[in-house]
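Undergrad: quick one, what's the 3D model for this:
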Amino acid sequence: HRFGDLDSVGAATGLCCALKKLGKDASVVVNLENNLAKALIKYVSDHDISNYYIAPENAMNKLDDNTLVIVVDTHNPDLVESKEILERSKNTVVIDHHRLMVKSIEDSVLFYHEPIASSASEMVAEIIEYFGEKAKIAVQRGITAMKWDPFGKNYLNISNAELDKALRCVDEVRKAAGDK
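TA: Residues are numbered from 1 along each chain as shown. As a prediction, this is how the structure comes out:
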């Protein structure tokens, strides 16, 4: 969403990383000057070889009829990072935890709304838990290494429930990948 914060940019970064691991061309569309997650963007940019972040005006040049636009941490079309991208998108997914507003993104191919979730990052972490099946496919294709963070925002202070969720995620990927 506009003025991206740690939750919106963090959730988008997690999805971007997961999609890149699956061989997809993925980017996080964020205004690189006007956001509240500059430290996260700098950290990822400094520590990863992939270029995750792209300004909205540059993203418009990559958009075509087959592009999947995933909106995280808002369902209100007035609050997205780029209304132009949303309007041109033929395939939109919405992942949000905020209470439903009167105005919401229409015609999405998937509207994943979980108001009891504490954050969009939590919702994305739960989605990524299901990547175990994709890990099996990756192993079959000869991929021998994976990197991801099962703890998300909880790396400093993690509850038992969040730790159990992270351990299930690691276990599923481990089962799928085996000892290779």
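
Undergrad: which residues sit in contact with Val80?
TA: Taking C-beta atoms under 8 Å, 6 or more residues apart in numbering, we find Val80 in contact with His1, Arg2, Val71, Thr74, Leu86, Ile105. C-beta here means a position set from N, CA and C on the backbone, and glycine is covered the same way.

Undergrad: and the furthest pair within these?
TA: Using C-beta to C-beta, the contacts of Val80 span at most 14.0 Å, a distance reached by Arg2 and Ile105.

Undergrad: those two - which one has more neighbours?
TA: Here Arg2 and Ile105 are compared on neighbour count by other C-beta atoms under 10 Å; more neighbours surround Ile105, at 21 against 16.

Undergrad: from Lys90, how far off is the more buried one?
TA: In this structure, Ile105 and Lys90 are 13 Å apart, going by C-beta to C-beta, to the nearest Å.

Undergrad: for Arg141, same thing?
TA: Counting by C-beta to C-beta, the separation of Arg141 from Lys90 is 29 Å.

Undergrad: could you do Lys165 as well?
TA: 33 Å.

Undergrad: who has more neighbours out of these two?
TA: Between Lys165 and Lys90, Lys165 has the larger neighbour count (other C-beta under 10 Å), namely 20 against 13.

Undergrad: looking at this, that one is in a strand?
TA: No - with DSSP: H, G, I helix; E, B strand; the rest coil as the criterion, Lys165 is assigned helix and is not in a strand.

Undergrad: pLDDT weak spots in this protein?
TA: Across the chain, residues meeting the criterion (pLDDT under 70) sit at 49-50, 130-135, 144-157, 176-180.

Undergrad: quick one, strands of it?
TA: 28-29, 53-54, 68-72, 91-96, 110-113 (DSSP state E).

Undergrad: quick one, which of the ones you listed gets closest to Glu81.
TA: With respect to Glu81, and counting by C-beta to C-beta, the nearest of the strands of the chain is strand 28-29 at 5.4 Å.
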